[in-house]
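A.B. asks: Dropping the sequence and predicted coords here.
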Amino acid sequence: MFQNILHDLGGAALYGIVSICLFFFVFSISLIWAMTRRSVLLREIEQLPLVDDSPSLSTPTPSHNE
Amino acid sequence: METFRYDNRVVRNFAWATLIWGLVGMSAGLLAAVQLFFPGANLDFQYITFGRLRPLHTNAVIFAFIGNGMFMGIYYSLPRLCKAPMFSRLLSQINFWGWNAIIVAAAVTLPLGFTTSKEYAELEWPIDIAITLVWVAFTINLFGTILTRREKHLYVAIWFYIATALTVALLHIVNSMEVPAGWFKSYSLYAGVQDALVQWWYGHNAVAFFLTTPYLGLMYYFLPKAAGRPVFSYRLSIIHFWALIFVYIWAGPHHLLYTALPDWAQSLGMVFSVMLIAPSWGGMLNGLLTLRGAWDKVRQEPMLKFMVVAVTAYGMATLEGPTLAIKSVNSLSHYTDWTIAHVHTGALGWNGFLTFSMLYWLIPRLYRTNLYSVKLANYHFWIGLTGMMFYVVPMYWAGVTQGLMWKQFTADGFLQYPNFLETVLNIIPMYRLRAVGGSLYLVGAFIGAFNLWRTARAGAFEPETEAQAPARFSHTGSKDTGHRWLEARGMLLAGGALVAVAIGGLVEIIPTFLIKENVPTISSVKPYTPLELLGRDLYIREGCVGCHSQMIRPLRSETERYGEYSKAGEFVYDHPFLWGSKRTGPDLHRVGGKYPDAWHYNHMENPRSTSPGSIMPKYPWLLSQKLETNSLPARIKALRRVGVPYPDNYEDTAGRELVKQAKGIVQNLEAGMVKAQPDAEIIALIAYLQRLGTDIKLSKPATAALESVSGAVALNTQP
């Protein structure tokens, strides 16, 4: 089936295959890179949006004034 | 510990700008929508006629509403994620005032008809230069802040901002390559197929890197903040980022399926579009799963309601986009209102609701008070959501219905609806419903604006927020190397992102320029005459391309209706290309010679006199306004510079040739009982329309006919 799908696409032989291989390469690298990051580090980074209102701030929180 | 201050003024300015421009842009959209079932809604006023109003609407919504919204979010989140104030307050101000001055310039020039006609890049060259300068100011400010940060790590939102800044610069510069012919007129450096490919490489990636990546960054910042918990999977967000920016850039040609674009480019566009589902849905699920265990907050917080619908709309739009990019689906959906429904799922749902979500979160905080009314915010949410449904569902209905009608054959092999107008009249009720949906969405936006204005009035604006963070770097001694390494890491990321986005663009665009066979030349195709050229420029000025395509796809339903399918070689002198992307009216590529000159004259004066029920606007001003011919030499010179082979000194005799051709048309009109002035604009437009698609009819008629037959036979197998 996949052979048919690829065959029906003009020029798939060269550009299609090369491009998909390229994407597979980029995807694999980013997957490997993401998976090999230390959990402790990622936990630290993912907290960044939550801790950015530094302690000295008194950001008001909206209350529900219904 | 170091103490520093975040600048809230620029965030506030962008916030009000996004709100005000949002209301303006949506109102323009509503007026355009009403004109589609009530053409008289333009009051016969040329400056607000559909063709000129549509680019005003799209530019206002994309660059004014969403653009200001994007800057608002970035100028709030970036310094806080970097634990450093913005790099330069001056650059922030240049960014704000420059950007909004550009928008004002757009709001003036587009109704005046100063347009390049390339979708979402309509602004003329002086404004293009201004956009470049303001964007450079933004980019310096962005990287300056990143390089002077106190926080060691770059949160993923910043990656998305970096990709946005670099890619938009690349797209804008490459697509805006044009040669000026006066202050408000230019011709694209590219012609025909190349211009189409560059334009849709730009157009598609403007959606990707102006409407998607910055907003994904904002989602990764504001959603965890509002939910009070970190993003579901930071690892997933890393993969989301790299896969998304790499894949997106290849998908542009899916806007040109079945056109005269080389087949391999179409195939690439389709394959990469389908692959795009994976990173897009990864991002959507990452967003929605961040709310796991916090769904109770969604019930209480209007801001989160908007956010959830925005992220869901992102998921829907990014599933639909790849579906529409499948060739067989596209053969039905392309040129119909299905595309309009698709983009509005993204614009109203993803960008619109995410912008409102940020506003509901930011304004109370900037003004240090509570939201004026949670109840009103909930009204806004439900009215907006209902409006969205009433917008997109009728448009799907209209798109599919009309697409099927265009393709319907009788048992005897004739088109069942040979009259295009019949398919239009059938979907007018859907156009009415769409306007209802748009009105509801706009009412919601007005309620939101009122609510936020009352909130601001009740509070006290805090121009700067003080913050403290440990000094990250000592700028002396041994730690200096650490600083350098960190700077390098920010730049490395930027470099990596640029390489990732450049590959796809290069693979697609460079071969089209280098390989000659990609655009087979046709010897009988000649440059436009002076009169036709000015007529073509009028066609561009009036925005005819917004409703009429000039690209007959090689499908039997199209060759039966319009004639011989369009060949790449027919467009080699088209700077810019005018293939169009929507058929509110019929395709015009083979309209040349189809009707007498007098028909066109009467039709432009009042389309309903020749086509009862037509929704095309009247163009009475074309009959009374004098054709501007002073700029003709400049236009011919500019076109020669981009490669149109006008002979040397042709501009000296062009005026005489123009007058001669105009006289001929006036005589034809007299034969059709129409008395016209030879120097009226309409004469030039008729000359252009009568030339359209006729060049190939001059070359070896027998062979052409034969090709046409074999083409049609081969295409019978197409869906």
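C.D. replies: That came through, no problem.

A.B. asks: all strands for the stretch 101-250 of chain B, in order.
C.D. replies: Residue ranges of the strands in the stretch 101-250 of chain B, as given by DSSP state E, counting those that start in this stretch, are B:178-180, B:186-188.

A.B. asks: okay, these, which one's buried deepest?
C.D. replies: Greatest average neighbour count among these goes to strand B:186-188 (a mean of 24), per mean count of other C-beta atoms under 10 Å in any protein chain shown. (C-beta placed from N, C-alpha, C; glycine too.)

A.B. asks: Select the longest helix from chain A.
C.D. replies: helix A:17-35 (DSSP state H).

A.B. asks: which element follows that one toward the C-terminus?
C.D. replies: helix A:39-46 (DSSP states H and E).

A.B. asks: Next one: the closest residue in space to B:Leu442 that isn't next to it in sequence from B:Lys660, what distance?
C.D. replies: Excluding the flanking residues, the one nearest B:Leu442 by C-beta to C-beta, 6 or more residues apart in numbering or on different chains is B:Met26, at 4.9 Å. When distance is defined by C-beta to C-beta, to the nearest Å, B:Met26 is 48 Å away from B:Lys660.

A.B. asks: Rounded mean pLDDT for stretch B:696-707, please.
C.D. replies: Averaged across stretch B:696-707, pLDDT comes to 54.

A.B. asks: ugh, wrong one, I meant stretch B:300-312
C.D. replies: Across stretch B:300-312, the average pLDDT comes to 94.

A.B. asks: how about it against chain A, any contact?
C.D. replies: Yes: shown here: stretch B:300-312 in contact with chain A (C-beta under 8 Å from any C-beta of the partner chain) through B:Gln300.

A.B. asks: Please spell out which residues along that stretch are buried.
C.D. replies: B:Glu301, B:Pro302, B:Met303, B:Leu304, B:Lys305, B:Phe306, B:Met307, B:Val308, B:Val309, B:Ala310, B:Val311, B:Thr312 (16 or more other C-beta atoms under 10 Å in any protein chain shown).

A.B. asks: before we move on, back to that, so between B:Met26 and B:Lys660, which is more surrounded?
C.D. replies: Set B:Met26 next to B:Lys660 and count neighbours by other C-beta atoms under 10 Å in any protein chain shown: B:Met26 wins out with 25 against 13.

A.B. asks: which stretches of chain B have low pLDDT?
C.D. replies: In the predicted model of chain B, residues B:473-488, B:511-512, B:514-519, B:699-719 satisfy pLDDT under 70.

A.B. asks: Minimum distance to chain A, which residue of it gives it?
C.D. replies: Here chain B gets closest to chain A at one residue, B:Trp264, 2.6 Å apart by C-beta to the nearest C-beta.

A.B. asks: Report the central residue of chain B.
C.D. replies: B:Tyr120 (3.7 Å; C-alpha atoms, centre = their mean).

A.B. asks: ok, now how distant is it from B:Trp200?
C.D. replies: Taking C-beta to C-beta, one finds B:Tyr120 at 10 Å from B:Trp200.

A.B. asks: Run a quick neighbour tally on residue 28.
C.D. replies: No chain specified, so I'll use chain A. 10.

A.B. asks: oops, I was thinking of chain B
C.D. replies: By other C-beta under 10 Å, the residues close to B:Ala28 number 23.

A.B. asks: correct me, but it touches B:Ala60?
C.D. replies: Yes: if you go by C-beta atoms under 8 Å, B:Ala28 and B:Ala60 touch, sitting 5.8 Å apart.

A.B. asks: before we move on, the earlier item: pull the contacting residues for the residue nearest to the centre of chain B.
C.D. replies: Each residue near B:Tyr120 by C-beta atoms under 8 Å, 6 or more residues apart in numbering or on different chains is listed here: B:Thr58, B:Asn59, B:Ile62, B:Tyr202, B:Gly203, B:Ala206.

A.B. asks: ok, so of those residues, who is nearest B:His240?
C.D. replies: Among these, B:Ala206 lies closest to B:His240 (C-beta to C-beta), at 20.1 Å.

A.B. asks: Contacts only, for that closest one.
C.D. replies: B:Ile62, B:Tyr120, B:Ala121, B:Val168, B:Leu171.

A.B. asks: Mark which of those are buried, thanks.
C.D. replies: B:Ile62, B:Tyr120, B:Ala121, B:Val168, B:Leu171.

A.B. asks: Same list (the residues you listed) but as CSV, adding distance to B:Ala502.
C.D. replies: Shown next, in CSV, are the buried ones among the contacts of B:Ala206 (distance: C-beta to C-beta, whole Å):
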residue, distance to B:Ala502
B:Ile62, 23
B:Tyr120, 21
B:Ala121, 19
B:Val168, 14
B:Leu171, 11
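
A.B. asks: which one among those gets closest to B:Asp537?
C.D. replies: B:Ala121 (17.2 Å).

A.B. asks: which residue sits closest to B:Gly22 in space, ignoring its chain neighbours?
C.D. replies: B:Phe65 is the one closest to B:Gly22 (C-beta to C-beta, 6+ apart), at 3.9 Å.

A.B. asks: any idea how far the one you found lies from B:Ser439?
C.D. replies: Counting by C-beta to C-beta, the gap from B:Phe65 to B:Ser439 is 17 Å.

A.B. asks: who has more neighbours, those two?
C.D. replies: B:Phe65 (27 against 19).

A.B. asks: show me what contacts that one?
C.D. replies: Applying C-beta under 8 Å, 6+ apart, the residues contacting B:Phe65 are B:Thr18, B:Trp21, B:Gly22, B:Gly25, B:Met26, B:Asn351, B:Gly352, B:Thr355.

A.B. asks: The fifth one contacts B:Ala64, doesn't it?
C.D. replies: So the one you mean is B:Met26. No: counting by C-beta under 8 Å, B:Met26 stays clear of B:Ala64, with 10.7 Å between them.

A.B. asks: neighbours around B:Ala638, how many?
C.D. replies: 20.

A.B. asks: What segments of the stretch 1-150 of chain B are helices?
C.D. replies: B:9-35, B:50-59, B:67-82, B:89-112, B:125-147 (DSSP state H, counting those that start in this stretch).

A.B. asks: Between those helices, which one is closest to B:Arg472.
C.D. replies: helix B:67-82 (9.7 Å).

A.B. asks: Using CSV, write down the CA coordinates of that closest one.
C.D. replies: The C-alpha trace of helix B:67-82 is given here as CSV (Å, rounded to 0.1, in the frame of the first residue of the first chain):
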residue,chain,number,x,y,z
GLY,B,67,0.7,40.8,16.2
ASN,B,68,0.2,43.2,19.1
GLY,B,69,-1.1,40.3,21.2
MET,B,70,2.0,38.3,20.5
PHE,B,71,4.3,41.3,21.5
MET,B,72,2.2,41.8,24.6
GLY,B,73,2.8,38.2,25.7
ILE,B,74,6.4,38.2,24.8
TYR,B,75,7.2,41.5,26.4
TYR,B,76,5.6,40.2,29.6
SER,B,77,7.0,36.7,29.7
LEU,B,78,10.5,37.1,28.3
PRO,B,79,12.0,39.4,31.0
ARG,B,80,10.3,37.3,33.7
LEU,B,81,11.7,34.0,32.2
CYS,B,82,15.1,35.6,31.9
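
A.B. asks: ok and it relative to helix B:89-112, angle-wise?
C.D. replies: Calculated by axes from the mean of the first three to the mean of the last three C-alpha atoms, to 10 degrees, helix B:67-82 forms an angle of 160 degrees with helix B:89-112.

A.B. asks: elements contacting helix B:67-82?
C.D. replies: helix A:48-51, strand B:2-7, helix B:9-35, helix B:89-112, helix B:125-147, helix B:156-175, helix B:213-227, helix B:353-366 (3 or more C-beta pairs under 8 Å, 6 or more residues apart in numbering or on different chains; DSSP states H and E).

A.B. asks: That helix vs strand B:2-7, what angle?
C.D. replies: 170 degrees.

A.B. asks: Figure out how far helix B:67-82 is from the centre of its chain.
C.D. replies: 23 Å (C-alpha atoms, centre = their mean, to the nearest Å).

A.B. asks: tilt between that helix and helix B:125-147?
C.D. replies: 20 degrees.
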